[in-house]
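Peer 1: Model the structure of this input:
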Amino acid sequence: MSLTPISGHLPESRRKVTTATLRELKVHHQPITCLTAYDYATARLQDEAGVEMILVGDSLAQTMLGYENTLSVTVDEMLHHVKAVHRGVKHALLLADMPYGSYQVDAGDALRNATRFVKEGGAEVVKIEGGEKRSDLIRRIVDAEIPVAGHIGLTPQSVNVMGGYKVQGKNLGAVEQLMRDAIALDRAGVCCLVLEGIPREVAAMITAEVGTPTIGIGAGPDCDGQVLVFHDLVNLTFGPPAKFVRRYADVASLVTNAVQAFCADVKSHQYPSDAESYHLPKETKAALDTVLERKQVMRR
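Peer 2: Below is the predicted model of the structure:
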């Protein structure tokens, strides 16, 4: 296995993306791209491909760890993956999800956990789910010099309260609440706002109303940017995709075919070939042959 050092892999003309960059992109109506990543190799490939934001989402609970939902993943499990992604990122803005239970119970614990993501994990932004009820907590974290990304609409950590993964904001009362949530988080100082699973019309209203960049996932094309789970993007999931998912590659089939081909070659003695094997130096081989010949003579 060989790895190329990350230093110098991209032209220096490409700027480091910061929270200020996101504001600039919104002002100039330039769409923002964001993908999830959970390991060094994927993060490095995404960074080199030019994505502006990389999110270590708590979706790794399902995509990487096989949990049923995001509720089981711990801070330490998240940090393990954030550290790996951080090593692969040079230019993108690195965000990390605060997992369920790491900020809902106690504000002091929330601040300590957010600090761990920055100091230990290398995250540049932490993401917190919830609307206006999180505004005071977000202000406290921002006051500690830690940028925060908000997340409203379909918030996966609230799956038990919502009764499943359902589109939010479908009646006037819910739309009004989403608007209040968005404005409260904007005023609290979030650097961006994820809008998940809400009608396009509502996302467009929020995007026009707030100064912070909006990042949509299942929220239509009128947001300032878009985010997808990487495993959905390349079909590394094991179920039907959500309505908003567009699959850009079928990595599942590539992996399956490659593994089947490997197994077939091994069982038919086609792998490894002589060309794929290491050989002794000629002098050593000649000496070894001489020793083996002597042993055969002695056995006679």
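
Peer 1: residues near the nearest residue to residue 177 once chain neighbours are set aside, how many?
Peer 2: In this structure, residue 177 finds its nearest non-sequential neighbour in residue 131, 7.2 Å apart by C-beta to C-beta, 6 or more residues apart in numbering. (Glycine included, C-beta is placed from N, CA and C.) Around residue 131 there are 21 other residues, counting by other C-beta atoms under 10 Å.

Peer 1: Could you give the number of residues near residue 125?
Peer 2: Residues lying near residue 125 (other C-beta under 10 Å) number 23.

Peer 1: Phi first, then psi, for it.
Peer 2: phi -140, psi 140 (degrees, to the nearest 10).

Peer 1: Show me what it is bridged to.
Peer 2: residue 95 (DSSP bridges).

Peer 1: hang on, isn't it packed against residue 19?
Peer 2: Yes - in terms of C-beta atoms under 8 Å, residue 125 counts as a neighbour of residue 19; the distance is 6.8 Å.

Peer 1: which residues do those two both contact?
Peer 2: Residues touching both residue 125 and residue 19 (C-beta atoms under 8 Å, 6 or more residues apart in numbering): 93, 147, 191, 192.

Peer 1: of those residues, closest to residue 209?
Peer 2: residue 192 (14.7 Å; C-beta to C-beta).

Peer 1: Could you pull out the helices in this protein for me?
Peer 2: Using DSSP state H, the helices of the chain run over 19-27, 40-49, 60-63, 75-88, 107-119, 135-143, 159-162, 172-188, 200-209, 230-233, 251-267, 282-299.

Peer 1: Dump these into TSV; add mean pLDDT as well.
Peer 2: Formatted as TSV, the helices of the chain follow (pLDDT from 0 to 100):
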stretch	mean pLDDT
helix 19-27	98
helix 40-49	98
helix 60-63	96
helix 75-88	98
helix 107-119	97
helix 135-143	98
helix 159-162	89
helix 172-188	98
helix 200-209	98
helix 230-233	97
helix 251-267	98
helix 282-299	90
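
Peer 1: Figure out which of these is closest to residue 276.
Peer 2: helix 251-267 (10.6 Å).
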